[in-house]
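Undergrad: Predicted model follows, preceded by the sequence.
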Amino acid sequence: MSAGHATICRVASSAIEDEHLRELSLLRRVRDRIDREYAQPLDVESLARGVHWSAGHVSRRFKAAYGESPYSYLMTRRIERAMVLLRRGDLSVTDICFTVGYGSLGTFSTRFTELVGIAPSVYRARAAEDAAGIPPCLAKQVTRPVRNQEARSGQPQLA
């Protein structure tokens with residue numbers, strides 16, 4: 001291989017790496033927006049506009065980078081926040097439903113049950129005793145819902 005060819009390869013490789021880092025930066029921006037605005041009405045089209053990509057491109061690249069679609073990530077984030085509020089215990093399930101961005105108690109309960117394995121009201125009752133003595137920062141990590149069905153042991157994701 002000639003010195004000129006090696007230089008061209010290094011330049012091309014550097015350009016590809018720069019583009020990859022730029023893409024990851026934009027995907028982090030999408031994820032951070034979901035984390036910040038999870039309780040707001042969000043759709044892939046508005047997320048895509050924020051990074052000047054198409055909705056399809058955002059969905060494909062987000063799933064490749066984070067293992068789930070932007071919509072699934074948003075639903076997981078909402079359920080995580082609901083779990084925290086349910087453990088805290090000072091709001092009704094209905095109030096929590098609307099606080100985390102759901103417009104329907106039925107949809108919230110269905111999604112919660114699909115992801116966590118038990119209904120929100122049952123989770124609240126069990127979480128109080130299961131998380132007793134665990135610091136809130138650790139309880140959040142231990143009780144994070146797992147969307148990957150194969151990774152679930154079939155048991156509710158409590159503590």
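TA: Cool, got the structure.

Undergrad: need the contact list for M75.
TA: By C-beta atoms under 8 Å, 6 or more residues apart in numbering, the contact list for M75 reads 111, 115. All C-beta atoms are positioned from the backbone trio N, CA, C, and that covers glycine.

Undergrad: how about 6 Å then?
TA: R111 (C-beta atoms under 6 Å, 6 or more residues apart in numbering).

Undergrad: can you check S121 too?
TA: Each residue near S121 by C-beta under 6 Å, 6+ apart is listed here: V93.

Undergrad: How much space separates the spatially closest residue to R111 that is not a sequence neighbour from Y102?
TA: Excluding the flanking residues, the one nearest R111 by C-beta to C-beta, 6 or more residues apart in numbering is M75, at 5.8 Å. In this structure, M75 and Y102 are 9 Å apart, going by C-beta to C-beta, to the nearest Å.

Undergrad: and what of R77?
TA: Counting by C-beta to C-beta - R77 and Y102 are separated by 12 Å.

Undergrad: Give me the three-state assignment for the residue nearest the centre of the chain.
TA: Centrality entry for the chain: nearest residue to the mean C-alpha point is Y73, 2.9 Å, by C-alpha atoms, centre = their mean. Per DSSP: H, G, I helix; E, B strand; the rest coil, the secondary structure class of Y73 is helix.
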